[in-house]
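Enquirer: Just to be clear, the model below is a prediction. Sequence and coordinates:
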Amino acid sequence: MLVASIGKGTQQLIVSQVATVGTNLIGILPGKSESNGPPAAVLGIMIRTLTTEDIDAVAKIPGVVGATGYVTARAQMSSSAKNFDSDLVGVNSSFLDIENQALSAGRFFTTDEVTRQARVIVLGPDVKTQLFGESDAVGEMVRFKSMQFVVIGVAAKRGATLFGDFDKRSYAPISVVQKEIAGINYVNIARAKSEDANQTDKIVEEITALLRRRHHIPSPDKDDFMVQSTAQGLAILSGITGAISAFLLAITAISLLVGGIGIMNIMLVAISERYREIGLRKALGASNKTVMIQFLVESIIVSFIAGIIGIVIGSLAAWFLAFGVRYAGYDWQLILDPRDIVIAALVSALVGIIAGLYPAIGAARLEPTEALKSQ
């Protein structure tokens, strides 16, 4: 039950997280993805092939709502009285539309502010609370590393997702974070958003073709980037969780094998201690079939009871797991499918049949006279 709940809960979490950003979101990662592995950027390898000029060109493709690069720096952010470790993410003015991010106060920075490298900042809700409490933060000054920023807005709460804890991030113009803080001329990743979800695959192809032209790439095998929609990413993640579930089920199968061997040994010991009972029953006319069925039923009962106990413990463990993950801020659903409960009970009975078959046959083949003389 625990394994089934983990597998289905993980898949549901992934689907719900992708739904929050929309299936028309397109990710652009620097570095080519190997056929059997993730792109280099995911592995922490520094790739410098993706620029803000590339992203500006992507944003001009018909059907693209907007596109932004992302550059992240981490340091201590401070107000006049308090400090807080925070990620400062450099983005452009399209960020709100692309990420479906709302504001709880103030405004977001404009394209002009990005162009002229204005030192303005939009605080994440947790950052704002840590630095200013319940006071209004808009118009206040904060310091990140050696630079001072004017707070012009506060992001609305979004919570923790598979993509990170958005509430602990703050946002500044990408030009400032890129050139004045990180000291680089490239972006870590980029995202674009298609106007029509049904046209997302077509937009992915157009972005791929555009970047190949801009990077002078002669053939697909020379790509120094990766373009993928959230729908494609969902399919990959679902495949990964499916493989993990299969692996966990394989471990469970081994556990069932070990448990079956244990039941078989218990039945063998029980039969050895009941030779006289078996001999007496056979002397009174019990057939081999009757004796075999008796011990087979006992094996099934032992296995079934153990299975019910396992279902109860597994269900409780799944509940505690769901509670813990939800407490951490993730939308994890407790999924206990009645079909899984029935299957678990039937598998337990089946293990009892298989494990008890050999001892039951052995008991049925005992000769009455030998069994009566054994003790």
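Expert: Nice, thanks for sending it over.

Enquirer: count of residues packed around the closest residue to K222 other than its chain neighbours?
Expert: In space, K222 comes closest to K32 once its chain neighbours are excluded; the distance is 8.0 Å by Cβ to Cβ, 6 or more residues apart in numbering. All C-beta atoms are positioned from the backbone trio N, CA, C, and that covers glycine. Other residues lying near K32 total 18 when counted by other Cβ atoms under 10 Å.

Enquirer: wait, doesn't S78 sit right on M141?
Expert: No. Here S78 does not reach M141: they are 9.8 Å apart, not a contact under Cβ atoms under 8 Å.

Enquirer: higher neighbour count, those two?
Expert: S78 (17 against 14).

Enquirer: how about the more buried one, phi and psi?
Expert: The phi and psi values for S78, taken as degrees, to the nearest 10, are phi -140, psi 150.

Enquirer: so what's it up against?
Expert: 84, 131, 142-143 (Cβ atoms under 8 Å, 6 or more residues apart in numbering).

Enquirer: again, only using 6 Å
Expert: By Cβ atoms under 6 Å, 6 or more residues apart in numbering, S78 lies in contact with R143.

Enquirer: What separation do you get for the residue nearest to K222 and I261?
Expert: As for K32, its distance to I261 is 49 Å (criterion: Cβ to Cβ, to the nearest Å).

Enquirer: now the strands for the stretch 51-200 of the chain?
Expert: 64-78, 83-91, 103-106, 120-123, 141-144, 147-155, 160-161, 164-165, 169-173, 189-194 (DSSP state E, counting those that start in this stretch).

Enquirer: buried set for the longest one?
Expert: Okay, so that is strand 64-78. 64-73, 77-78 (16 or more other Cβ atoms under 10 Å).

Enquirer: so how far is that strand from its chain's centroid?
Expert: Once both centres are worked out by Cα atoms, centre = their mean, to the nearest Å, strand 64-78 turns out to sit 23 Å from its chain's centre.

Enquirer: got it, and the third one?
Expert: The chain centroid and the centroid of strand 103-106 are separated by 30 Å under Cα atoms, centre = their mean.

Enquirer: Need the CA coordinates for that strand. PDB is fine.
Expert: Provided in PDB are the C-alpha atoms of strand 103-106 (Å, rounded to 0.1, in the frame of the first residue of the first chain):
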ATOM      1  CA  LEU A 103       1.700  40.800  -6.900                       C
ATOM      2  CA  SER A 104       0.300  41.600  -3.500                       C
ATOM      3  CA  ALA A 105       1.600  45.200  -3.400                       C
ATOM      4  CA  GLY A 106       3.300  47.700  -5.700                       C
END
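
Enquirer: pretty sure F95 is touching T68, no?
Expert: Yes. Using Cβ atoms under 6 Å, F95 is in contact with T68, at 5.2 Å.

Enquirer: where does this protein have low pLDDT?
Expert: Filtered on pLDDT under 70, the chain yields the residue ranges 1-23, 33-46, 160-164, 231-250, 325-336, 366, 368-375.

Enquirer: Mind splitting it into its structural domains?
Expert: As assigned by automatic domain parsing, the chain contains the domains 48-223, 240-373.

Enquirer: so which of the ones you listed comes closest to I26?
Expert: Nearest to I26, of all those, is domain 48-223, at 4.5 Å by Cβ to Cβ.

Enquirer: What is the end-to-end distance of that closest one?
Expert: 13 Å (Cα to Cα, to the nearest Å).

Enquirer: Please apply the same query to stretch 208-223.
Expert: 9 Å.

Enquirer: what does it contact?
Expert: 32, 54, 224-225, 227.

Enquirer: could you redo the last one with a cut-off of 8 Å?
Expert: So stretch 208-223 is contacted by 28, 32, 49, 53-54, 57-58, 61, 224-225, 227 (Cβ under 8 Å, 6+ apart).
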